[in-house]
Structure formats: C-alpha cells, structure tokens
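Trainee: okay, predicted coordinates and the sequence, questions at the end:
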Amino acid sequence: MIYKSNRLFQEDHILSHVVTIKTQVRDAEALRAACRRLNLREPTYQTVRLFSGKATGHTIALPDWLYPVVCCLETGQIEFDNFNGRWGDQKELDRLMQAYAVEKARIEARRAGHDITERQLADGSIRLTVQVVGGAV
C-alpha cells in the first residue's frame with residue numbers, strides 16, 4: 001500500500017490526516033479477509049485463461065464476471081479482462097480493492113498495537129480512524 005498524507009490540524013497533540021491510498025495487492029492475508037468481507041470464495045493460486053491470454057496468481061471470481069481477477073502478490077499488480085464493463089461490472093473490482101485496502105489498514109494498525117474503527121459513509125466510502133495508543137503519530 002502506498003500512501004501520502006496531508007496534515008489537517010494539530011491541537012493538544014491530537015493529529016488528523018487525510019490520506020490518499022494507491023493500493024497494490026501484496027498481502028495474501030488481507031486479500032483473503034477482503035474476500036470474506038464481500039462473501040466471495042477465498043482466492044486460489046493458479047494459472048487461468050483470460051480473453052487475451054493466461055495469467056498466474058491469486059485468482060478471485062467476482063460476481064457476474066466472465067473471467068477471474070488475478071492478483072500477483074510479488075508485483076502488486078492485478079490482471080483482469082472485463083471488456084470495459086461488458087464482461088464484468090467495474091464496481092465489483094472497485095469493491096474488492098476498497099475491501100483489500102481496509103483490511104490491509106486494519107491488519108497493519110493492529111500489528112502496531114493501535115485501535116481502529118470503521119464507519120461506512122453514505123457515498124459508499126469507508127472512514128477508518130486509527131487511535132494511536134500512548135504516543136504521537
């Protein structure tokens with residue numbers, strides 16, 4: 001996960017940041033958690049046929065997609081062929097990427113000993129709040 005942060009304000013040692021995340025899928029645990037979150041089958045490592053050829057990696061069958069999504073954890077890249085939405089709704093891939101980013105953030109926050117809460121917003125985005133326990137950000 002690659003991110004950049006813009007500090008909004010600092011008041012009595014409480015910091016708030018807006019974070020922009022560019023997601024690369026590199027964590028198998030977070031990918032499995034994202035699939036569970038979306039009620040998808042767990043990814044399996046295999047070589048599959050896409051329209052334009054073959055791809056090898058952790059494959060995920062998205063709802064109503066003709067071909068699976070293939071995640072190469074070594075490079076962080078994702079291969080898929082939805083023919084500009086004709087063979088699969090882009091929103092399903094967007095949901096998977098959002099779920100992966102949330103699960104990866106949860107895993108890393110817990111690893112660092114921080115508390116994390118989640119709130120679904122009306123526009124479909126998810127607000128994560130990480131409470132840094134006992135120290136500054």
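Mentor: Ah, there it is. Numbering: from 1, shown residues only.

Trainee: contacts and neighbour counts: CA atoms only from here.
Mentor: Noted.

Trainee: what's in contact with the stretch of helix or strand T56 belongs to?
Mentor: For T56, the host element (DSSP states H and E) is strand 53-60. With contact meaning CA atoms under 8 Å, 6 or more residues apart in numbering, strand 53-60 is reached by 40-49, 68-73, 79.

Trainee: let's see which of those end up in strands.
Mentor: Residues of the contacts of strand 53-60 located in strands (DSSP state E): 44-49, 69-72, 79.

Trainee: just to revisit the earlier point, in the strand holding T56, what's buried?
Mentor: Across strand 53-60, burial judged by 16 or more other CA atoms under 10 Å covers 55, 57-60.

Trainee: next, count neighbours for the residue nearest to R26 when sequence neighbours are not counted.
Mentor: Spatial nearest neighbour of R26, chain neighbours left out: L73 (4.1 Å); criterion: CA to CA, 6 or more residues apart in numbering. Burial of L73 is recorded as 16 neighbouring residues (other CA atoms under 10 Å).

Trainee: state the distance from L73 to Y100.
Mentor: To Y100, L73 is 13 Å away according to CA to CA, to the nearest Å.

Trainee: list residues touching both of these two?
Mentor: Looking at what touches both L73 and Y100 (by CA under 8 Å, 6+ apart), the common residues are V25.

Trainee: coming back round to it: make JSON lines out of the buried residues of strand 53-60 and add pLDDT and distance to W87.
Mentor: Output for these, formatted as JSON lines (pLDDT from 0 to 100; distance: CA to CA, whole Å):
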{"residue": "A55", "pLDDT": "96", "distance to W87": "17"}
{"residue": "G57", "pLDDT": "98", "distance to W87": "20"}
{"residue": "H58", "pLDDT": "98", "distance to W87": "20"}
{"residue": "T59", "pLDDT": "98", "distance to W87": "16"}
{"residue": "I60", "pLDDT": "98", "distance to W87": "15"}
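
Trainee: ok, the residues you listed vs T129, which is closest?
Mentor: Nearest to T129, judged by CA to CA, of the buried residues of strand 53-60 is I60 at 28.4 Å.

Trainee: that closest one and L73: what is the separation?
Mentor: Taken as CA to CA, the span from I60 to L73 is 13 Å.
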